[in-house]
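Asks: Starting from these lines, generate the structure:
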Amino acid sequence: MSQPAASTSKWDAADYAKVGRFVAELGGAALDLLDPKPGERILDVGCGEGTLTRKMIERGATVLGIDNSPEMVAAARTKGVDALLLPAEDMQFFAEFDAAFSNATLHWVLHKDQAARAIFRALKAGARFAGEMGGEGNIQKLREALDEELIIRGYVPPVEASNWYASPEEFAAVYEAAGFREIDARLIERPTPIEHGVAAWVMTFRKGWLDRAGVPEGERADIGAAVADRVGSNIADYVRLRFIMRKPT
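Replies: Numbers count the residues shown, from 1 in each chain. Sure, this is the predicted structure:
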């Protein structure tokens, strides 16, 4: 059986900037948990189009962003972000950073153990890692509505999981095995209004899922509209896992 891809995300940077703007806006609480300091060198794991990376830079930190999407890296660079095209699990940094941050990324990284070890290696002794990702139960109603619509239309939803939506215990076990200590991970239920609607959310955030199901571009708008009808509102059932931990001194 073939192994699932390291990440199942697939992005159009312009669509994400419009439809997914709420992701960075709601990531502010995780950034406050990190509390970047002037002069710190920080690794942003999954920098996306660089919105939160810029906020760390504005607080006086030197930040390197990494992302596995060429479109996102290009968008981040247009904002003046030092960004590398690099999957989290393939990082080869060694004790270079005072802190690491990640928002709305780790649930896309299916090689989670490898990524955890790579982040651990990248940090200096005593450094902290804070952030947020999708947690256990995240967008369950949205995911079920999409798969039901695909099946009705004769498509087979992909077998492999598209995301790692971990419980706090499962998440902590992975990062403790990588070497981290003082791990605080907790779930936060956060029903989130989708400004541009559920149909646009499907087209943007489930592009890779639709690709894998073999859905032609011409049918995707209809599927998005049908999923929106099934859900019945523009409130997404987001559940976030917010965390902070340290590399031992």
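Asks: Strands along this protein, start to end?
Replies: 41-45, 62-67, 82-85, 97-103, 123-134, 181-193, 235-246 (DSSP state E).
Asks: Take these and lay them out in CSV including mean pLDDT and distance to residue 156.
Replies: All C-beta spots, glycine's among them, are computed from the backbone N, C-alpha and C. Compiled in CSV, the strands of the chain are given as follows (pLDDT from 0 to 100; distance: least, Cβ to Cβ, whole Å):
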stretch, mean pLDDT, distance to residue 156
strand 41-45, 98, 32
strand 62-67, 98, 30
strand 82-85, 98, 31
strand 97-103, 98, 32
strand 123-134, 98, 24
strand 181-193, 96, 29
strand 235-246, 96, 24
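Asks: Show the low-confidence segments of this protein, by residue range.
Replies: Applying pLDDT under 70 to the chain flags the ranges 1-24.
Asks: Helices along that one, start to end?
Replies: 13-19, 21-26, 28-34, 51-58, 70-78, 112-122, 140-152, 168-178, 198-205, 207-213, 217-231 (DSSP state H).
Asks: And those helices: which comes nearest residue 88?
Replies: Nearest to residue 88, of all the helices of the chain, is helix 112-122, at 4.2 Å by Cβ to Cβ.
Asks: Next, residue 234: phi, psi?
Replies: phi -100, psi 30 (degrees, to the nearest 10).
Asks: ok, how many other residues are close to it?
Replies: Residue 234 has 16 neighbouring residues, counting by other Cβ atoms under 10 Å.
Asks: thinking it is in contact with residue 197, fair?
Replies: Yes - in this structure, residue 234 is within contact of residue 197 by Cβ atoms under 8 Å, at 5.3 Å.
Asks: can you list residues touching both of these two?
Replies: Residues touching both residue 234 and residue 197 (Cβ atoms under 8 Å, 6 or more residues apart in numbering) are residue 228.
Asks: Go through the strands of the chain and name the closest to residue 169.
Replies: strand 181-193 (8.2 Å).
Asks: List of residues touching the closest one?
Replies: 22, 26, 135-137, 167-168, 171-172, 175-176, 234-248.
Asks: Produce a ChimeraX select command limited to the buried residues of those residues.
Replies: Of those, the buried ones go into a single ChimeraX selection, burial set by 16 or more other Cβ atoms under 10 Å:
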select :22,26,135,168,171,172,175,234,236,237,238,239,240,241,242,243,244,245,246,247
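Asks: Now render the helices of the chain as a markdown table, adding distance to residue 190.
Replies: Converted to a markdown table, these look like this (distance: least, Cβ to Cβ, whole Å):
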| stretch | distance to residue 190 |
| --- | --- |
| helix 13-19 | 17 |
| helix 21-26 | 7 |
| helix 28-34 | 10 |
| helix 51-58 | 17 |
| helix 70-78 | 23 |
| helix 112-122 | 22 |
| helix 140-152 | 13 |
| helix 168-178 | 15 |
| helix 198-205 | 15 |
| helix 207-213 | 22 |
| helix 217-231 | 16 |
